[in-house]
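Q: Quick one, fold the following:
(one chain, ligands or ions: 2)
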Amino acid sequence: MEDPHKILKQYWGFDAFRPLQEDIIQSVLAGKDTMALLPTGGGKSLCYQVPAMCMEGITIVVSPLIALMNDQVQHLKRNGITAIAIHSEWRTKQLEIALDNMVSGAYKMVYVSPERLQSPGFISRMENTNVSMIAVDEAHCISQWGHDFRPPYRKIAELREIVGQDVPVMALTATATPQVVDDIQACLAFRKKNIFQKSFYRPKLTYSVYYTDDKYKHLVNIFNKMPGCGIVYARSRKRTHELADILNKNQIPALPYHAGMSPRERSENQDAWMKNRIRVMVATNAFGMGIDKPDVRLVIHLEAPPSPEEYFQEAGRGGRDGHQAWGVMLSAKGDIGILKRKHLAGIPTVEEVQTIYDQLNRYLGIAFGAGAGRPYAFDLFEFTRKHKIHEGKAHEAIKVMEREGILNLSDSFWEHSRLKILCSPTQLYSESLRNEKSATVIKSMLRMYEALHIDYRKIRESDLADRSGVGLFDVKQTLKQLHKKKLLSYQASTGKPAIIFTFGRVREKDLRINRQTYNVYTNARKDRVGAMIEYLEESRRCRAHTLLEYFGEKREEPCGLCDVCRKQQKEKTVSTEALLLWLKSNPPADLRAIAEKMNIARIEQLRKAVDELLLNNTVKRNEKGQIELQ
Ligand code: ADP
Ligand code: MG
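A: Ligands and ions are numbered 1, 2, ... in the order given. Okay, the predicted model is just below:
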């Protein structure tokens, strides 16, 4: 077995492990099932990537988001590690080839989505593959009590039976309550409980809640007063634009970010923020996963997310560099009512989910028995307007269907245009003789993309335009014409998410939803919203304490900087005894000096004690206005 330090240096160029990384790695190298609870940005990926390189055989990494998987695989490849991401975007043939390569040892690390994990093609291959470890990233997705439950995660334990029980499992997450931590280990069939947990405490990240009648004004004030870059979280796409406008008008450069924007716009805005060309990213919660900007000083929420887990994760994007940062929640009268309406009233009943399923099928024009396996471009807003459904409820219902494996909602499906050649090379050649422009496009297309006649490939029209020297518009026109002539199939990117049903349309009443699971899940959800409301309403406990306690951690020292701590410091008056004691061992001083030396925020806190001691003649004011003993 290779030495982890050597591997760390060799592939990543890092000299030392971060706290707990080494313990976690040693634990799994010793063959133990291992659970790692490290904050976001704590370096969880290396916890499985390093041992993967130390051991013989391949490491399977289960991960929920395609974008994250692709991102990691790219990073690994750049570091000279063979890796692949297997997910729903793969077409059958390519997938078969990739899986065969996997068996023959072409990859050291295989990222796989939980859905793909269950496919027969994958499972049958696993029997013949030498697996060194199974790593489960974002492991809270396995628990019904977790804030992002995904049923396919439940099947991971079955993989253990196939690859052998002695192959260790590593579970990683940033946010889990003690109950969820237990549940994760049980669901993954841990042979023995084994947790490495870094404290959730972030000494330099201060959480606060401020009540205000004018959130926008407050927001601008904060950015005017405080230096550094920030993230503002809003919970609607429209609002991200409004807020960015307001900030810009106040000379605070900002850009919006949400899942409704084109992928290109999103990555441009993200880039501008990462490179400090703008100060503030105004985003929905679509922003943040996998983003690692160390110097974020302010994370401001204009609306509370529906769980402390999400809040903690979002606010936790501040101060990764270890310097002081602020997590601020702006709250107004009525916010708690909104939170309840939005996240509790919006939870559909099982019957409502069935109805929405039916409406969805009608909306997409799917006949009974049909619709399985093909992508439908889908616009939630248009759908809910047409069928007069509460948007939040429809969104929820679709998420329920996704969890139940009824459909898949893919944000990225239409990000790329797709192309497949339907005709023979001779047909294509004779077509190219007709027109010079199409000849150039066809030639570049064949040069740039392989195996277009075998299956759909992702293409980029702009690349084709660059390569062929034909304008972008003409490239698209040419492809459309070839599509019309049925020489190729061209699916242009729509920028919309796609819905893919797992099975053909069934009758409303025949749509099966597991009621028991659903109830457990909904109740846990209600509890989380409740905990978030408690956080907003808390007026006596330090904010950090409140959050830490939710994650099962106790701390003695209050942070001293949050709104609650500050309020308490302000209210705290000095006792006559304390003042007298101080005066006895110090030379005469004026009120300001006393306050400063006694570490008291405001003179007013001294006033009462001073007045009392003056009245009962214990102290007097000397000619300099200083307080001294009688
Ligand atoms: P997490 O998954 O816990 O949120 P990541 O695995 O994405 O965090 O790591 C966050 C960042 O920390 C990455 O840029 C990674 O390269 C860096 N990092 C992790 N471990 C180390 C280390 N030992 N030394 C230096 N940088 C590290
Ligand atoms: Mg991670």
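Q: in the stretch 301-450 of the chain, what residue is nearest ligand 1?
A: Using CB to the nearest ligand atom, the closest approach of the stretch 301-450 of the chain to ligand 1 is made by residue 320 at 8.1 Å. In short, each C-beta sits where N, CA and C put it, glycine included.
Q: Give the helix, strand or coil label for the nearest residue to that residue once chain neighbours are set aside.
A: Spatial nearest neighbour of residue 320, excluding adjacent residues (CB to CB, 6 or more residues apart in numbering): residue 294 at 4.4 Å. When classified by DSSP: H, G, I helix; E, B strand; the rest coil, residue 294 comes out as coil.
Q: measure residue 294 to ligand 1 for me?
A: For residue 294, the distance to ligand 1 (CB to the nearest ligand atom, to the nearest Å) stands at 9 Å.
Q: That residue contacts residue 318, correct?
A: No. Taking contacts as CB atoms under 8 Å, residue 294 lies outside contact range of residue 318: 10.1 Å.
Q: So for those two, which residue has more residues nearby?
A: residue 318 (29 against 11; other CB atoms under 10 Å).
Q: Not including adjacent chain positions, what is the nearest residue to that one?
A: Using CB to CB, 6+ apart, the closest residue to residue 318 is residue 325 (3.6 Å).
Q: Which residues does stretch 30-45 contact?
A: Around stretch 30-45, the neighbours that count as contacts under CB atoms under 8 Å, 6 or more residues apart in numbering are 18, 20-21, 24, 27-28, 47, 72, 137, 139, 166, 168-174, 176, 181, 184-185, 188, 190-198, 200, 202, 292, 313, 316-317, 320.
Q: Buried ones among these?
A: 20-21, 24, 27-28, 47, 72, 137, 139, 168-174, 176, 181, 184-185, 188, 190, 194-196, 198, 200, 202, 313, 316-317, 320 (16 or more other CB atoms under 10 Å).
Q: Now intersect those with the helices, please.
A: Mapping the buried ones among the contacts of stretch 30-45 onto helices (DSSP state H) picks out 21, 24, 27-28, 47, 72, 181, 184-185, 313.
Q: Keep these, but drop any that are not near ligand 1.
A: The overlap between those and the neighbours of ligand 1 (CB under 6 Å from any ligand atom) comes to residue 21.
Q: who's the residue nearest to residue 318 bridged to?
A: With DSSP bridges as the criterion, residue 325 is bridged to residue 205.
Q: That one: what's it in contact with?
A: 204-206, 228, 296-299, 318-319.
Q: What strands flank the helix or strand of the chain with the lowest mean pLDDT, and is each parallel or antiparallel?
A: Least confident element among the helices and strands of the chain, by mean pLDDT, DSSP states H and E: strand 407-410 (a mean of 82). Neighbouring strands of strand 407-410 in its sheet, by DSSP bridges, are strand 498-501 (antiparallel).
Q: Same question for the strand it pairs with: list its buried residues.
A: Neighbour count says strand 498-501 has 498-501 buried, by 16+ other CB under 10 Å.
Q: Could you do stretch 344-358 as well?
A: Buried residues in stretch 344-358, counted by 16+ other CB under 10 Å: 346-348, 350, 352-358.
Q: Identify the residue spatially nearest to residue 102, adjacent ones excluded.
A: residue 110 (5.7 Å).
Q: Just list whatever residues bridge to that neighbour.
A: Beta-bridge partners recorded for residue 110 (DSSP bridges): residue 60, residue 84.
Q: If you drop the residues flanking it in sequence, what lies closest to the closest residue to ligand 1 within the stretch 101-250 of the chain?
A: Ligand 1 sits closest to residue 174 of the stretch 101-250 of the chain, with a gap of 6.1 Å, by CB to the nearest ligand atom. Nearest residue to residue 174 in three dimensions, chain neighbours excluded: residue 40, at 4.5 Å (CB to CB, 6+ apart).
Q: If you tally nearby residues, what's the number for that neighbour?
A: 19.
Q: Show me where the stretch 451-600 of the chain dips below the pLDDT cut-off.
A: Scanning the stretch 451-600 of the chain for pLDDT under 70 picks out 494-495.
Q: who's in contact with the closest residue to ligand 1 within the stretch 451-600 of the chain?
A: For the stretch 451-600 of the chain and ligand 1, the shortest gap (CB to the nearest ligand atom) falls at residue 551, measuring 15.5 Å. Residue 551 sits next to 175-178, 200, 308, 312 when contact means CB under 8 Å, 6+ apart.
Q: Tell me the residues of this structure that contact ligand 1?
A: Residues of the chain lying close to ligand 1 by CB under 6 Å from any ligand atom are 14, 17-18, 21, 38, 40-46, 292.
Q: hmm, try it at 5 Å
A: Neighbours of ligand 1 within the chain, by CB under 5 Å from any ligand atom: 14, 17-18, 40-46, 292.
Q: Need the phi and psi values for residue 217.
A: phi -60, psi -40 (degrees, to the nearest 10).
Q: longest single helix anywhere in the chain?
A: Criterion DSSP H: the longest helix present in the chain is helix 515-537.
Q: Need the residues that contact that helix.
A: 144-147, 149, 151, 209, 304-309, 311, 329, 331, 335-336, 339-340, 343-344, 347, 350, 400, 403, 543, 546-547, 550.
Q: do stretch 229-244 as well
A: Here stretch 229-244 makes contact (CB under 8 Å, 6+ apart) with 216, 219, 223, 247, 254-260, 273, 276, 279-285, 287-288, 293, 295-303, 305, 314, 317-318.
Q: check contacts around residue 218.
A: Contact analysis of residue 218 by CB under 8 Å, 6+ apart lists 210, 212, 330.
Q: Filter the residues you listed down to the buried ones, PyMOL style.
A: Of the contacts of residue 218, the buried ones go into a single PyMOL selection, burial set by 16+ other CB under 10 Å:
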select buried, resi 330
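Q: If you count neighbours, what's buried in stretch 108-122?
A: Residues 108-119, 122 are the ones in stretch 108-122 that count as buried (16+ other CB under 10 Å).
Q: what about it, average pLDDT?
A: The average pLDDT within stretch 108-122 is 89.
Q: and if you look at stretch 280-291?
A: Here stretch 280-291 scores 87 as its mean pLDDT.
Q: Endpoints of it, how far apart?
A: Stretch 280-291 has an end-to-end distance of 14 Å (CA to CA, to the nearest Å).
Q: what sits up against that stretch?
A: 65, 67-68, 71, 223, 229-237, 239-241, 243-244, 247, 252-259, 269-270, 273-274, 305, 310, 313-314, 317.
Q: Can you select the buried ones among the contacts of residue 551 for me in ChimeraX?
A: To isolate the buried ones among the contacts of residue 551 in ChimeraX, judged by 16+ other CB under 10 Å, type:
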select :175,176,177,200,308,312
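Q: Show me the two of the contacts of residue 551 that sit farthest apart.
A: Farthest pair in the contacts of residue 551 (CB to CB) is 178 and 312. Separation: 14.6 Å.
Q: residues of the helix or strand hosting residue 613 that come out buried?
A: Assignment of secondary structure by DSSP states H and E places residue 613 within helix 604-615. Neighbour-count burial for helix 604-615, with 16+ other CB under 10 Å as criterion, is recorded at 605-606, 609-610, 613.
Q: Now the element after it, going C-ward?
A: As assigned by DSSP H and E, the chain's next helix or strand after helix 604-615 is strand 619-621.
Q: Can you name the element that comes right after the helix or strand that contains residue 223?
A: If you go by DSSP H and E, residue 223 is part of helix 215-225. On the C-terminal side of helix 215-225, the nearest following helix or strand under DSSP H and E is strand 229-233.
Q: Give me the sheet partners of that following strand and which way each runs.
A: strand 280-283 (parallel), strand 296-301 (parallel).
Q: centre of the chain versus stretch 345-353, how much separation?
A: How far stretch 345-353 lies from its chain's middle: 25 Å, per CA atoms, centre = their mean, to the nearest Å.
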